[in-house]
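Participant: 3D, please:
(one chain, ligands or ions: 1)
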Amino acid sequence: MPPEPDDSSAAFSTGASGSYVKVLQGRYELGRVLGRGASSKVYRARDVRSGVYVAVKAVRKPHHPCSPEDAAAARRSVERELAALRRVQGHPHVVRLLDVLASRSTVYLVLDLARGGSVQSALEERGRSEEPAARQLFGQLVSALAHAHARGVFHRDVKPENLLLDERGGLKLTDFGLCAFADRQLGADGLTATACGSPAYVAPEILLKKRYDPGMADVWSCGVVLFSLTAGYLPFNDGNLMGMYRKICSGKFQCPKWLSSELRSLIGRMLDPEPERRIKVGEILSHPWLQRDGMSIPVVASSPHPTPEVLKWEAESELPREMNAFDILTFASGCDLSGLIGTLPDRDRFVVSSLSINARSILDKVEELGREEGLFRMRRKEEAGFGGILLETIDGKFVAQASVHLLHEEMLLVEVERASNEELPKFWEKLQSSLKFLTN
Ligand SMILES: Nc1ncnc2c1ncn2[C@@H]1O[C@H](COP(=O)(O)OP(=O)(O)OP(=O)(O)O)[C@@H](O)[C@H]1O
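Facilitator: Residues are numbered from 1 along each chain as shown. Below you'll find the model as predicted:
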């Protein structure tokens, strides 16, 4: 049986194994479900072009009818996750965002596949870790968080389910759906009031409904993770939720006897119920427990702010007349949103008003460039207002393609893509700059 279809942007075809598979927008063959979240389903998938295995997180638009508040909240959450992921890319222990696609009903985030499952499943299967192994993982987590904080992103949902493991056991921080941004949600005092996080990992100041520093709340959650990793159980637990909350607010917990004194001291400084007294992320990195065994901790991003390119992208995606994921969902059928995450090495996208240029002129230009190059066989397909052109070598090997999608009656999405990022660098540059010029 093929996986249940989510929407019209996926077609079924025969996969490599001979069985039916669901192929997302001609690009990703969906396999088994790796996990589920409140509003998402995560699939193992294969990029049919490169053969590389990835994870596809399908975030569904709320079912209709839903209240305008629910629709707005869902929209904010996916936009926030995308914007956060975009800002924090480039750290070895933050999950990589490879692509973004969308259909009428669903946004698909294509992520690095974490083959080792989550820290939660490792804890359930293998129990607690010895200190050297915990130090390794915890160092990677703190380094990833320090990087996110330096980029103005506070995670606010650090818990073992959101810490994934790659095939070598390296940690990948994921799920930025609840994060806060230093330059948006925080008041002039640097504090926020939004209650979020998962019960056992949530900081007392959030439970007490105080305004809080989200960076320090992340430190608390990391403290709970470190305790759980090394003790094998939660520091604050109770049969009922109110009981657990009371224990969290009291900040009283007991370390098991097998924890070293340095580890006890670090956990104690992280699980300090007073956020002003709590150890800061930067200090954790230089704590003696983490410095033991000459551990090498990945360097934190040098740039304290998002790059101008990211800020521009974010500003654009917030303008009401500009498109963002959900606006496009409203208009498009099976369109691809990778343009929202910027230029990929082997792919570029432009959005242009259909009042200023039409699909035919764009495809004519690509054909002209291909002809000038004289290397290709070209196949062109055009329908009312949209179409594409495929460039192949004389012996039929895919080199590049350009396509024009109609987003809605006034908007075209132009996509160019090549087989690999080494393919024909000069031609690729010419193609990109000509299209940029045409669509500006
Ligand atoms: N990149 C990935 N590689 C492998 N598995 C993944 C990946 N991303 C997510 N998963 C699996 O899917 C589960 C749900 O993913 P995720 O936490 O991102 O969803 P969510 O909807 O944001 O969840 P929540 O409701 O907890 O916020 C994870 O716990 C994990 O088991």
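Participant: for the stretch 201-350 of the chain, what spans make up the helices?
Facilitator: In the stretch 201-350 of the chain, the helices defined using DSSP state H, counting those that start in this stretch lie at 204-207, 214-231, 241-250, 261-270, 281-285, 288-291, 308-318, 325-331.
Participant: can you list these in CSV and add distance to the ligand, mean neighbour count and mean pLDDT?
Facilitator: The C-beta positions use only the backbone N, C-alpha and C, and glycine is treated the same way. As requested, these are exported to CSV (distance: least, C-beta to the nearest ligand atom, whole Å; neighbours: other C-beta atoms under 10 Å; pLDDT from 0 to 100):
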stretch, distance to the ligand, mean neighbour count, mean pLDDT
helix 204-207, 16, 20, 85
helix 214-231, 13, 25, 96
helix 241-250, 17, 15, 85
helix 261-270, 22, 18, 98
helix 281-285, 22, 17, 92
helix 288-291, 26, 16, 92
helix 308-318, 20, 14, 47
helix 325-331, 15, 18, 35
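Participant: where does the stretch 301-440 of the chain dip in pLDDT?
Facilitator: Low-confidence regions of the stretch 301-440 of the chain, defined here as pLDDT under 70, cover residues 301-345, 384, 406-411, 421-423, 440.
Participant: And the residue of this protein closest to the ligand?
Facilitator: At 1.7 Å from the ligand, G37 is the closest residue in the chain, using C-beta to the nearest ligand atom.
Participant: Look up the closest residue to that residue, ignoring the ones flanking it.
Facilitator: D175 (7.3 Å; C-beta to C-beta, 6 or more residues apart in numbering).
Participant: Could you give the number of residues near the one you found?
Facilitator: 22 (other C-beta atoms under 10 Å).
Participant: tell me the SS of it?
Facilitator: Following DSSP: H, G, I helix; E, B strand; the rest coil, D175 is assigned to coil.
Participant: What parts of the protein come near the ligand?
Facilitator: 34-35, 37-40, 42, 55, 57, 95, 111-114, 118, 161-162, 164, 174-175, 177 (C-beta under 6 Å from any ligand atom).
Participant: Disregarding flanking residues, what is the spatial nearest neighbour of E205?
Facilitator: Y212 (4.2 Å).
Participant: Which parts of this structure belong to which domain?
Facilitator: 23-112, 117-290, 308-437 (the TED database).
Participant: before we move on, back to that, doesn't N162 make contact with the residue of the chain closest to the ligand?
Facilitator: No: assessed by C-beta atoms under 8 Å, G37 is found out of contact with N162, at 9.6 Å.
Participant: okay, the two: which has more neighbours?
Facilitator: Applying other C-beta under 10 Å to G37 and N162 shows that N162 carries more neighbours, namely 24 against 13.
Participant: Contacts only, for the residue lying closest to the more buried one once chain neighbours are set aside.
Facilitator: Nearest-residue entry for N162: D175, 4.3 Å, with adjacent residues in sequence omitted and distances by C-beta to C-beta, 6+ apart. Neighbour list for D175: 37, 81, 157, 161-162 [criterion: C-beta atoms under 8 Å, 6 or more residues apart in numbering].
Participant: Isn't R377 up against F398?
Facilitator: No: with contacts counted by C-beta under 8 Å, R377 stays clear of F398, the gap being 10.6 Å.
Participant: Overlap of the contact sets of the two?
Facilitator: Common neighbours of R377 and F398 (C-beta under 8 Å, 6+ apart) are 391-392.
Participant: coming back round to it: for V107, which of the helices of the stretch 201-350 of the chain is the nearest?
Facilitator: helix 325-331 (5.3 Å; C-beta to C-beta).
Participant: what packs against the host helix or strand of L412?
Facilitator: L412 is part of strand 411-418 when elements are defined by DSSP states H and E. If contacts are counted by 3 or more C-beta pairs under 8 Å, 6 or more residues apart in numbering; DSSP states H and E, strand 411-418 sits against strand 347-353, helix 359-373, strand 398-408, helix 425-439.
Participant: which ones are touching the closest residue to N237 other than its chain neighbours?
Facilitator: Nearest non-adjacent residue to N237, counting by C-beta to C-beta, 6+ apart: M244, 6.2 Å away. By C-beta under 8 Å, 6+ apart, M244 lies in contact with 199-200, 236-238.
Participant: Report the separation between the residue of the chain closest to the ligand and S77.
Facilitator: 11 Å (C-beta to C-beta, to the nearest Å).
Participant: What of E262?
Facilitator: 39 Å.
Participant: likewise R49?
Facilitator: Taking C-beta to C-beta, one finds R49 at 30 Å from S77.
Participant: Tell me which of these two has more neighbours.
Facilitator: S77 (18 against 14).
Participant: Backbone torsions only: list them for the spatially closest residue to that one that is not a sequence neighbour.
Facilitator: Leaving aside its chain neighbours, S77 sits nearest to G177 (5.1 Å; criterion: C-beta to C-beta, 6+ apart). When read as degrees, to the nearest 10, the backbone of G177 gives phi -60, psi -20.
Participant: From what I see, G177 and R80 are in contact.
Facilitator: Yes: counting by C-beta under 8 Å, R80 is a contact partner of G177 at 6.6 Å.
Participant: of those two, who's got more company?
Facilitator: Between G177 and R80, counted using other C-beta under 10 Å, the more crowded position is G177 (24 against 19).
Participant: got the contact list for that one?
Facilitator: Going by C-beta under 8 Å, 6+ apart, the list of residues near G177 reads 37, 77-78, 80-81, 157.
Participant: Same check on A200?
Facilitator: Per C-beta under 8 Å, 6+ apart, neighbours of A200: 159, 224, 234, 236-237, 244.
Participant: Over to L109?
Facilitator: L109 neighbours (C-beta under 8 Å, 6+ apart): 56-57, 59, 81-82, 85, 97, 99-100.
Participant: can you do 6 Å?
Facilitator: 57, 100 (C-beta atoms under 6 Å, 6 or more residues apart in numbering).
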